[in-house]
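**Q** Turn this into a structure:
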Amino acid sequence: MAAKKEEVAASASTEVATKAAANVALANQFAEDAGAGFEEAGAAAYAIPFLQILQSGSPQCKKSDGAYIKGAEEGKFYNTVTKEIYDGEEGIIVIPCHFTQRFVEWQPRESGGGFVREILPTEAPPTTKDDKNRDVLPNGHTLVDTRNHYVLIKGADGSLSPALIAMSSTQMKKSKQWMSRMQGIKVKGANGFQPAPMMSRSYKLTTVPESNDKGSWFGFNIELVGLVEDPAEYAEAVSFRNAVRSGAVKAQPPVSGEDATSPEAF
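**A** Residues are numbered from 1 along each chain as shown. As a prediction, the model looks like this:
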């Protein structure tokens, strides 16, 4: 009977060892074939998600809305492509990679709402102010100065995923402060001290309650974490920055002015 048990144990041990060896071989094959299947996938095949702060009026927070997501609450972060929800108090770690300024044309919410187009600052047409202090185009659409921060979100497992943080309206000041802080970090080179690469530092984003005489909402809080020490992480951040600059990857335009990328969201 004892011999039989030893035989079964040995067989099980051999099976585990064989399976482990197969897993290692398969992992090596995955690494060898890295990128296979994506050779003809251009920029149109991908969608960089927006990283938004959910507000009380966000459809993801409303159980009666088809866009409702379990666990979604105001003050939490929301990934528009993966539909992931991140805790706003605990926060997330990001590596900023690139910055752009664009003027975004929106159809007003009262006339249906929705994203229309992005315009370069040098090509922004003249506007007038309406009774809500919005910049309005002759066609009745609003034009919103928007600061775009392209980042890599660091997952709990160490993986990095791209996202776009669009800051406008009440969050414009946060964007300017973040940019000033990043540009204030210097490195010494052959030509003296110069601004460090944006991708050389990581930051923690959390959310904080804010308000003014028009209402209340949750906004961004940004804290420096420190130097990016992993060469692989830095290389991935540089690669993402280059892809954005070249136009190889682009953010998918928001489909509705009702979401948190809208200037009317907060």
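**Q** separation between the nearest residue to D145 once chain neighbours are set aside and K63?
**A** Leaving aside its chain neighbours, D145 sits nearest to F103 (5.8 Å; criterion: CB to CB, 6 or more residues apart in numbering). (C-beta placed from N, C-alpha, C; glycine too.) Per CB to CB, to the nearest Å, F103 is found 36 Å from K63.
**Q** for the residue nearest to D145, phi and psi?
**A** When quoted as degrees, to the nearest 10, the phi and psi of F103 stand at phi -100, psi 120.
**Q** repeat for the one 4 residues further on
**A** Its backbone dihedrals place Q107 at phi -80, psi 130, with angles given as degrees, to the nearest 10.
**Q** Which residue is the nearest non-sequential neighbour of it?
**A** Nearest residue to Q107, sequence neighbours excluded (CB to CB, 6+ apart): G114, at 4.7 Å.
**Q** Count residues in the vicinity of the one you found, would you?
**A** 18 (other CB atoms under 10 Å).
**Q** Repeat that for A72.
**A** Using other CB under 10 Å, A72 is surrounded by 18 other residues.
**Q** On the three-state scheme, the closest residue to it other than its chain neighbours is what?
**A** Nearest residue to A72 in three dimensions, chain neighbours excluded: Q60, at 4.2 Å (CB to CB, 6+ apart). What DSSP: H, G, I helix; E, B strand; the rest coil gives for Q60 is helix.
**Q** how much space between Q60 and A36?
**A** Taking CB to CB, one finds Q60 at 35 Å from A36.
**Q** rewinding a little: how confident is the prediction for the residue nearest to D145, by pLDDT?
**A** Looking at F103, its pLDDT is 95.
**Q** Identify the residues contacting it.
**A** 118-121, 124, 143-146 (CB atoms under 8 Å, 6 or more residues apart in numbering).
**Q** And Q60 and A36? Which one has more around it.
**A** Neighbour comparison, Q60 and A36: the larger count goes to Q60, with 23 against 8 (by other CB under 10 Å).
**Q** That one and I69: what is the separation?
**A** 5 Å.
**Q** What of S58?
**A** S58 is 10 Å from I69, by CB to CB.
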